[in-house]
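K.L.:
pasting the structure only:
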């Protein structure tokens, strides 16, 4: 399906959500256009695998299309979509529990000084973390969620979230020492 | 609540944000939505045809059952000679009344068991 260029380009998101609720696919395509970079980046940080990240992101938008009528407040589309993305990632992790990490084969190209190089190095460093630690780190640094929000989204106890983030941060600082200057005591 | 974030790592996460080929991705999502929609329409069409076929096939037996029931249900259980008395007891003196009482009893019994 091709989007009619600029048809909904200037429409507020709440309007697009309202139209999507009534089955307007072009309005929904505009929502996908606006949110895809964010969701794909989130999934890429979680999975470290471009193909898997795109596949999961597609699942997020498919589920959003199926359940958008349940979204009461059209202004909460972003948080609602984020929660859906986290749930889809958690479901994926549970399905692949015995093979955790097996589907995450990272590129081993040497680091480059451009965005893709930084992203690859970051994904490689994230891959060294335990899945739960990694998810907490991604939600904290990529999504800038608070501990309470992460605990609510992942069903992990707040204390566990805090220790995961502390441990993950230390590990990332070690792994990414070339990029990250030694941080002062993180509190 | 504290967030315990390292500002250097935060900057690194921000720098690692990538732009992707959006056309292919959006086409993929929308094609999948269209496929799902076609599938839903197909399933409902098949279901509609099946229900219509069932109605057509069962129309005659259902109508005869309804006709039989309409003849059977008003039948009195006990013959009452007096007109006035017959009219007074007619709500409970019929096959329909027995069926209604049985249905009510069964419903209450199931509610008691499954509540």
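P.N.:
Perfect, I can see it now. It should be emphasised that the depicted structure is a prediction, and the values quoted were computed from it without experimental measurement.
K.L.:
quick one: low-confidence ranges for chain A?
P.N.:
A:1-5, A:97-115, A:181-187 (pLDDT under 70).
K.L.:
Kindly report the domain assignment for the chain.
P.N.:
Just going to use chain A. For chain A, the structural domains run A:9-102, A:111-180, going by automatic domain parsing.
K.L.:
oops, I was thinking of chain B
P.N.:
With automatic domain parsing as the reference, chain B has domains B:14-72, B:73-115.
K.L.:
what's the spacing between the last one and its chain's center?
P.N.:
Remark: domain B:73-115 is offset 29 Å from the chain centroid, using Cα atoms, centre = their mean, to the nearest Å.
K.L.:
Any idea which of the domains of chain A gets closest to residue B:90?
P.N.:
Closest to residue B:90 of the domains of chain A, according to Cβ to Cβ: domain A:9-102, at 50.9 Å. Where C-beta positions appear, they are placed from N, C-alpha and C, glycine not excepted.
K.L.:
does any part of that closest one sit near chain B?
P.N.:
Yes - part of domain A:9-102 sits close enough to chain B to count as contact by Cβ under 8 Å from any Cβ of the partner chain, namely A:25, A:28-29, A:32-33, A:36-37, A:40-41, A:44-45, A:54, A:57-58, A:61-62, A:65-66.
K.L.:
Quick check: mean pLDDT of the helix ranked longest in chain B?
P.N.:
Longest helix in chain B, counting residues (DSSP state H): helix B:22-72. Mean pLDDT, helix B:22-72: 93.
K.L.:
Which other helices and strands does it contact?
P.N.:
Using 3 or more Cβ pairs under 8 Å, 6 or more residues apart in numbering or on different chains; DSSP states H and E, the elements in contact with helix B:22-72 are helix A:25-47, helix A:50-67.
K.L.:
Which positions within the first one qualify as buried?
P.N.:
Neighbour-count burial for helix A:25-47, counted by 16 or more other Cβ atoms under 10 Å in any protein chain shown, picks out A:25-47.
K.L.:
now it against helix B:22-72, angle please.
P.N.:
For the pair helix A:25-47 and helix B:22-72, the angle between their directions (axes from the mean of the first three to the mean of the last three Cα atoms, to 10 degrees) equals 110 degrees.
K.L.:
gap between helix A:25-47 and the chain center?
P.N.:
When distances are taken as Cα atoms, centre = their mean, helix A:25-47 is centred 10 Å away from the chain's centroid.
K.L.:
Distance of the residue sitting nearest the centre point of chain A relative to residue A:89?
P.N.:
Nearest to the mean C-alpha position of chain A, by Cα atoms, centre = their mean, lies residue A:42 at 2.2 Å. If you measure residue A:42 against residue A:89 using Cβ to Cβ, to the nearest Å, the figure is 8 Å.
K.L.:
Now tell me what touches stretch A:65-79 from outside.
P.N.:
For stretch A:65-79, contacts defined as Cβ atoms under 8 Å, 6 or more residues apart in numbering or on different chains pick out A:13-15, A:17-18, A:20-21, A:28, A:31, A:35, A:80, A:84, B:29, B:33, B:36.
K.L.:
in it, what counts as buried?
P.N.:
Neighbour-count burial for stretch A:65-79, counted by 16+ other Cβ under 10 Å, picks out A:65, A:68, A:71, A:74, A:77.
K.L.:
The last one sits in which helix or strand?
P.N.:
It stands for residue A:77. helix A:77-95 (DSSP states H and E).
K.L.:
I'd like the next helix or strand past that helix.
P.N.:
Toward the C-terminal end, the helix or strand that comes next after helix A:77-95 (DSSP H and E) is helix A:115-126.
K.L.:
Give the other helices and strands that that next one contacts.
P.N.:
The criterion is 3+ Cβ pairs under 8 Å, 6+ apart, and the helices and strands that helix A:115-126 contacts are helix A:25-47, helix A:158-175, helix B:7-15.
K.L.:
between the ones you listed, which one is nearest to residue B:53?
P.N.:
Comparing the helices and strands packed on helix A:115-126 by their distance to residue B:53 (Cβ to Cβ), the top pick is helix A:25-47, with 32.4 Å.
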